[in-house]
Every structure is written in structure tokens, then in C-alpha cells.
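S.K.: give me a model of this one.
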Amino acid sequence: MLRKLSAVLLFAALTLAVLAAANFLLVDDVHSYSRAMLQELYADAGKIDTLFLGSSHCYRSVDPDAVDAALGTYSFNAGSSQQLPDGSYYMLREAAAQNQLKTVYLEMFYTGYNQSASKNVPLACYLLTDHMRWNSPNRYAYQVEMGGIAAFADLLLPARHGVAEPQEMPALWRAKLTDGYALGNYSYLTYADEGESYRGRGFVYTSGAPENAFHTLLDVDPEAPLSDFGWEYLRKTAEFCQENSINLVLFTAPLPSAYLYNTADYQAYVDALRDFAAENNTVYWDFSLYKDVDTLNLLVGDFSDAHHLNGQGAEKFTAILCDTIARENAGEDVSTLFYDTVEEKLELTPDQSIAMAHL
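M.R.: This is a model prediction of the structure:
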């Protein structure tokens, strides 16, 4: 019996050693934005009072340094690539477990809230759970929600989706053995050839401008402007904030007017979120419908593609977002800053991109 137990333990130890070696030799997590973001989130424990959540439209659009300079907060952008509603929910729980959060700003780019289920985009989950702390209950809860027991196979070789090319491996090994994981070291996170640079606390500054027309990713179903999955996690997020005395603000970073023009029934999405906000003691600000184009003067050159702001556009938007927050904090009815309808926006004050709507 003792011999069998020893054999089992030896086999387990050898298996773990092989997996650890494979992870070191093959897997590139050094270049991961979400690794650096989570590393900084944990390092900032106890400091954060303002949290931004959402997909790439969050981490490319809101600069925490500019927010703090304008509002006197300590903010953190916990967005991640393709972050879906359940990802935002579990990131909220992870941040709230270590900080006294006062306000959460949830970016609501509409495609994520129209996914039928998170399991359709498993990488969105792994980008976060690969780098959450091993003892975080949110890590495992998110994996179960995403893919059930099968999702735990990812823990055997975290970040396996980031296997390096053979020619890249020597540099990867050097990085891992030296300063690849050093807190605040962004040299490995900068993709100059892709026009991106990591600026800290989750913010990614992008360059470039749209090369093609502003075609839509997805039209909105007016009968179901959010999927059941989207509604479920939006409600969970709102309930968690209410239970923990956290102020929740829903917002959408500005989309080009040409993109709105090419997205059928986007108004149904706006209306659904405004109704939800009214029912849940919160607000929804869609900056695609912001009235004052002189103040938020977004040009085609302020976008990196058909629907993302670039870094220049992000700095313009962050300033307007902070102004809106400050005005609401002062008691102003900021709903008057936004058009009620997409039709009004496109007719009265579209941005410069509208000239490319038909291309």
C-alpha cells in the first residue's frame, strides 16, 4: 500500500514538474496586458476607490492618471480584451475584496451584452483567470460559469493560448529569468509595430486611424437588445454594488457617428439601458450621443479603427467623462448633455466620420 502511494505521489510530482517546465519553456505570459493589469491591481490593494470595467473599449478609452488629476480619486482601469459581462462581474468582486470601492464605471459596448454565453469566447475568461491569484475564489467561480469543470484544464498550463514561436523562445526565457515580471516594467508590454503601449493601471494607449469604412460589427435586435446572459450579469453587477454601497454608473465610450449610422436599431439598446438605469437607481451615459461636438470634438483621426478610440481620442474623452462626473457630483442634471435618440445625434451634430458612413 505504501509503495503504491509513493508511486502515485512520484507520478504527480513528475507531472507537475513537466507542466512547470513546459510553462516556462513554451508559454508567453510576459507580454500579457491582463497579467500586468492584475499584478498592479493586487499591488494597489487598499488604495483604489474608483474602478473602470469593460472590454477593449474600456482599457483603450479611459486614462486613470487623467481621471485622478481631474477628480482627486485613485482610479484603476480593470478592462481586458473581449471582457464579457461575467468577466466584469468577477473583476468587480476581485477588486472589492481588497478595496473600499466608492464608484464603479461599467463600460457597456453593446456586442458583449449580446453574447448568448461567455463560453462562446473562452479566451476572454482565460486572459483574466490565468493571472488571478491562485487562492482567489473569483478565479474558480468565473471558470465554472464560463466552461464548467472542463475549464479547469486551463490551470494545468495557464496562458497556453500564448505559446511562443520557436524563434521567440530564447528572448522569452531571458525575460522570465530577469525582469519580465517586474512590477511597473512595461518594456515587454509595448507593441510598437501594432501602435500600442501600456501606460499603467490598465490603460493602453493606441495610435493609428481607421483604414476602412465604419462598418458595424453587429446590428441590434430590437426585440432583445441585450441577451439573457447580458441581462443576468448586468443585474448581478447592479445588485452587488447596491449590497456593498458602491455607486454604479453605466456608460458607453463614444462610437463614431458613421458606426452608429451603420448599426441598425442601436436606439433599442440605448432605450433598454436607460430603462434599466431608471429601475436600478443608476444612470446610463452613452457618449456616442453627446451633444456638444465643440467640447468633445472627435475627428476621424481620434479613432484607431471603426469603433475604438485611439490614445489621442481617449485623452479627449477622458476629459469629457471627468467633466460629466464632476457636474453630476455638483448636482447638475447631466442627462441634458446627451441626445435622447440616435436620430437626433446624426441629424444635428454628427462627428466628422459621418462623411464616411456610406463607404
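S.K.: low-scoring stretches of the stretch 251-359 of the chain, by residue?
M.R.: Residue ranges of the stretch 251-359 of the chain with pLDDT under 70: 359.
S.K.: okay, strands next: where are they in the stretch 51-200 of the chain?
M.R.: Secondary structure of the stretch 51-200 of the chain by DSSP state E, counting those that start in this stretch: the strands cover 75-77, 103-107, 196-200.
S.K.: how far does the first one sit from its chain's centre?
M.R.: Right, the one you point to is strand 75-77. Distance of strand 75-77 from its chain centroid, counting by Cα atoms, centre = their mean, to the nearest Å, is 11 Å.
S.K.: list of residues touching that strand?
M.R.: Defining contact as Cβ atoms under 8 Å, 6 or more residues apart in numbering, one finds that strand 75-77 is touched by 37, 40-41, 44, 48-52, 58-59, 62-64, 67-68, 95, 201-203. Bear in mind the C-beta positions are built from the backbone N, C-alpha and C, glycine included.
S.K.: of those, buried ones?
M.R.: Among the contacts of strand 75-77, the ones that count as buried by 16 or more other Cβ atoms under 10 Å are 37, 40-41, 48-52, 58-59, 62-64, 67-68, 95, 201-203.
S.K.: returning to what we had before: most packed of the strands of the stretch 51-200 of the chain?
M.R.: Greatest average neighbour count among these goes to strand 75-77 (a mean of 27), per mean count of other Cβ atoms under 10 Å.
S.K.: for the longest helix seen in the chain, the averaged confidence score.
M.R.: For the chain, the helix that runs over the most residues, judged by DSSP state H, is helix 2-26. For helix 2-26, the mean per-residue pLDDT is 87.
S.K.: that helix - contacts with which helices or strands?
M.R.: Identification of packing neighbours for helix 2-26 by 3 or more Cβ pairs under 8 Å, 6 or more residues apart in numbering; DSSP states H and E yields helix 169-177.
S.K.: how about the helix it packs on: buried residues?
M.R.: By 16+ other Cβ under 10 Å, the buried positions in helix 169-177 come out as Leu172, Ala175, Lys176.
S.K.: list the residues that contact the last one.
M.R.: If a contact means Cβ under 8 Å, 6+ apart, then Lys176 has Phe24, Val30 as its contacts.
S.K.: so it versus Gly200, what's the distance?
M.R.: Lys176 sits at a distance of 22 Å from Gly200 (criterion: Cβ to Cβ, to the nearest Å).
S.K.: and if you look at the second one?
M.R.: The span separating Ala175 from Gly200 equals 19 Å under the rule Cβ to Cβ.
S.K.: please apply the same query to Leu127.
M.R.: Distance of Leu127 to Gly200, computed by Cβ to Cβ: 18 Å.
S.K.: do the same with Lys119
M.R.: Counting by Cβ to Cβ, the gap from Lys119 to Gly200 is 32 Å.
S.K.: could you do Ala357 as well?
M.R.: Ala357 sits 36 Å away from Gly200, going by Cβ to Cβ.
S.K.: same question, Leu14
M.R.: Leu14 sits 40 Å away from Gly200, going by Cβ to Cβ.
S.K.: ok, Gly230 next?
M.R.: As judged by Cβ to Cβ, Gly230 and Gly200 stand 30 Å apart.
S.K.: cool, and Ala258?
M.R.: 32 Å.
S.K.: and what of Leu296?
M.R.: Look at Leu296 and Gly200: by Cβ to Cβ, they are 24 Å apart.
S.K.: what segments of the stretch 151-300 of the chain are helices?
M.R.: In the stretch 151-300 of the chain, the helices defined using DSSP state H, counting those that start in this stretch lie at 169-177, 228-243, 257-261, 266-279.
S.K.: hey, which of these is tucked in deepest?
M.R.: Neighbour counts (mean count of other Cβ under 10 Å) averaged over each of these peak at helix 257-261, with a mean of 25.
S.K.: and it, how far out from the chain middle?
M.R.: Computed by Cα atoms, centre = their mean, the chain-centroid distance of helix 257-261 equals 22 Å.
S.K.: which residues touch His215?
M.R.: Shown in contact with His215 (Cβ under 8 Å, 6+ apart): Asn262, Ala306.
S.K.: need the pLDDT of it.
M.R.: Reported pLDDT at His215 in the predicted model: 92.
S.K.: Val334 touches Trp285, doesn't it?
M.R.: Yes. Using Cβ atoms under 8 Å, Val334 is in contact with Trp285, at 7.3 Å.
S.K.: between these two, which one's more packed in?
M.R.: Trp285 (25 against 17; other Cβ atoms under 10 Å).
S.K.: show me where the stretch 201-350 of the chain has its strands.
M.R.: Going by DSSP E, counting those that start in this stretch, the stretch 201-350 of the chain shows strands at 203-206, 247-252, 283-286.
S.K.: between those, which gets nearest to Gly112?
M.R.: Among these, the nearest to Gly112 by Cβ to Cβ is strand 247-252 (11.2 Å).
S.K.: give me the spatial nearest neighbour of Ile48, chain neighbours excluded.
M.R.: Asn99 (4.2 Å; Cβ to Cβ, 6 or more residues apart in numbering).
S.K.: near the one you found, how many other residues are there?
M.R.: The local packing of Asn99 (other Cβ under 10 Å) involves 19 other residues.
S.K.: how about the contacts made by it?
M.R.: Going by Cβ under 8 Å, 6+ apart, Asn99 touches Asp44, Ala45, Gly46, Lys47, Ile48, Asp49, Leu51.
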